[in-house]
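A.B. asks: Here is my input; please provide its structure:
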Amino acid sequence: MVAAAALSAGIAAGAILSGIIMLSMCWRRRHCKKAQRERSEPEKGQITARVADGPDFTEEEDDVNSVKRFTWAEIERMTENFSTPVIGEGGYSKVYLARLRGGAVVAVKIHINGGGSVRLRRAFTRELDLLRRVRHPHVIRIIGFCDDREEGALVMEYAARGTLHEKLHLTDSQQVLSWSARTRIALQIAQVVDHLHNECGLPIIHCDLKPSNVLLDEQLNVKLCDFGSAMSGFGPTISANPKSAMEGSPGYVDPHYIRTGVLSKNCDVYSFGVLLLELISGVEVSTADKTKLLEEDLVDSRLRGDFDGEETAAMLVLARRCMAEQPSSRPSMAEIVGAIGRLRTAEELVISVEKSVV
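C.D. replies: Down below sits the predicted model:
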């Protein structure tokens with residue numbers, strides 16, 4: 001009898017202990033999940049910090065963390081009925097300098113689609129979708145849009161120093177980009193393209209990398225723009241594209257893509273190689289003999305020898321690899337980031353040593 005009572009008491013105690021352990025485990029699991037959620041959610045100010053180099057906005061006017069839908073009347077007011085300066089122009093778009101109600105300077109891109117073209121409307125929708133989805137310090141930041149007319153409008157941050165094309169091909173020798181600025185710009189372009197290829201869930205291929213699609217802010221930081229030709233949703237394998245829907249700009253498009261209609265990340269790598277060659281040589285590569293430029297190891301004469309010969313040689317080798325005839329022979333954007341990053345680190349070390357000696 002006593003033994004039975006002891007056994008019953010032991011079973012009861014064991015059950016209570018098991019219950020306590022299970023409750024403790026459940027509480028810890030819930031606590032860990034909550035902590036995980038809190039770590040994954042950005043704190044207030046984190047996103048703002050990422051885009052803090054753009055214009056200042058009041059909460060009443062435009063929250064920098066959201067994308068506002070504007071009316072066409074508001075777009076007309078910002079651009080003073082499209083009488084403000086045109087700061088950019090493409091085949092089917094114009095970019096106006098504009099101001100928001102509170103005075104912040106912005107850029108308004110109008111997608112011209114007077115004929116109601118389905119393809120042009122798709123390009124506008126694609127650019128809007130990708131700019132809303134991709135947040136990166138070196139991607140132009142979208143503030144708002146208007147899609148209630150055939151002529152879609154995108155309201156974006158203003159990049160005060162214009163395009164890389166303008167900076168590279170100015171005749172004023174006083175404003176020539178230094179070699180250090182060129183390697184930094186090359187690194188930032190590589191970083192943002194690597195982000196598009198590998199860190200956006202499904203890969204994004206820009207399809208139109210060229211100096212006129214690289215904007216520069218006041219500190220000469222890169223702001224990649226013009227996503228109207230971009231393709232998204234590719235898996236690890238390449239995807240065929242009809243030749244009738246070719247994307248890109250003459251001189252920068254991958255010849256393999258032109259021949260086969262096959263699109264892959266390597267198409268961006270080729271375009272980056274052309275852009276890199278243009279940064280090194282200062283020559284408008286789209287109209288030049290690229291093979292000749294690569295063979296002659298031409299460096300921009302406006303630099304007046306103010307560059308490291310080993311660095312330029314290494315960058316030219318990288319440009320050649322990016323422009324290899326066979327896409328499989330080209331480096332990935334991640335490899336390119338590593339290669340230019342190592343050059344930049346070595347350059348900064350030399351500068352630091354020289355300063356300490358002085």
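A.B. asks: Show me where the stretch 251-358 of the chain has its helices.
C.D. replies: When assigned using DSSP state H, counting those that start in this stretch, the helices of the stretch 251-358 of the chain occupy the ranges 255-260, 265-281, 290-296, 309-322, 333-357.
A.B. asks: which of these is buried the deepest?
C.D. replies: Each of those was given a mean neighbour count from mean count of other C-beta atoms under 10 Å, and the largest, a mean of 25, is that of helix 265-281. To be clear about C-beta, it is placed using only N, CA and C from the backbone, and glycine gets the same treatment.
A.B. asks: That helix - what's its average pLDDT?
C.D. replies: The predicted model gives helix 265-281 an average pLDDT of 96.
A.B. asks: Give the other helices and strands that it contacts.
C.D. replies: helix 179-198, strand 204-205, helix 255-260, helix 290-296, helix 309-322, helix 333-357 (3 or more C-beta pairs under 8 Å, 6 or more residues apart in numbering; DSSP states H and E).
A.B. asks: Please repeat the previous calculation with a cut-off of 7 Å.
C.D. replies: Counting contacts by 3 or more C-beta pairs under 7 Å, 6 or more residues apart in numbering; DSSP states H and E, helix 265-281 packs against helix 179-198, strand 204-205, helix 290-296, helix 309-322.
A.B. asks: for the ones you listed, which one sits closest to V262?
C.D. replies: Set against V262 and scored by C-beta to C-beta, the helices and strands packed on helix 265-281 come closest in strand 204-205, at 11.7 Å.
A.B. asks: Partner strands of the closest one, with direction?
C.D. replies: strand 231-232 (antiparallel) (DSSP bridges).
A.B. asks: so where's the stretch 1-150 of the chain uncertain?
C.D. replies: 1-65, 114-115 (pLDDT under 70).
A.B. asks: Which parts of it are helices?
C.D. replies: 2-40, 46-50, 72-78, 118-133.
A.B. asks: Run the angle between the last one and helix 179-198 for me.
C.D. replies: Angle between the axes of helix 118-133 and helix 179-198 is 100 degrees (criterion: axes from the mean of the first three to the mean of the last three C-alpha atoms, to 10 degrees).
A.B. asks: of the helices of the stretch 251-358 of the chain, which approaches E127 most closely?
C.D. replies: Taking the helices of the stretch 251-358 of the chain one by one with C-beta to C-beta, helix 265-281 is closest: 16.4 Å.
A.B. asks: Any idea how far that closest one is from the middle of the chain?
C.D. replies: 15 Å (C-alpha atoms, centre = their mean, to the nearest Å).
A.B. asks: Likewise for stretch 81-99?
C.D. replies: 22 Å.
A.B. asks: cool, stretch 297-309 as well?
C.D. replies: Counting by C-alpha atoms, centre = their mean, stretch 297-309 comes out at 28 Å from the chain centroid.
A.B. asks: Can you pull the poorly scored residue ranges out of the stretch 251-358 of the chain?
C.D. replies: Checking the stretch 251-358 of the chain against pLDDT under 70 turns up 347, 349-358.
A.B. asks: Could you pull up the residues touching the nearest residue to S232 once chain neighbours are set aside?
C.D. replies: Leaving aside its chain neighbours, S232 sits nearest to I204 (4.7 Å; criterion: C-beta to C-beta, 6 or more residues apart in numbering). The contact partners of I204, by C-beta atoms under 7 Å, 6 or more residues apart in numbering, come to L130, L196, A230, S232.
A.B. asks: if we can go back for a sec, distance to R302 added to the helices and strands packed on helix 265-281, as TSV?
C.D. replies: Shown next, in TSV, are the helices and strands packed on helix 265-281 (distance: least, C-beta to C-beta, whole Å):
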stretch	distance to R302
helix 179-198	11
strand 204-205	33
helix 290-296	15
helix 309-322	14
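A.B. asks: For the buried ones among the contacts of I204, write the corresponding ChimeraX selection.
C.D. replies: Restricted to buried positions by 16 or more other C-beta atoms under 10 Å, the ChimeraX selection for the contacts of I204 reads:
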select :130,196,230,232
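A.B. asks: wait, which of the contacts of I204 is closest to D300?
C.D. replies: L196 (27.8 Å).
A.B. asks: dump the residue contacts of that closest one.
C.D. replies: Contacts of L196 by C-beta under 7 Å, 6+ apart are I204, H206.
A.B. asks: next one: the one 4 residues further on
C.D. replies: In this structure, C200 makes contact with V134, judged by C-beta under 7 Å, 6+ apart.
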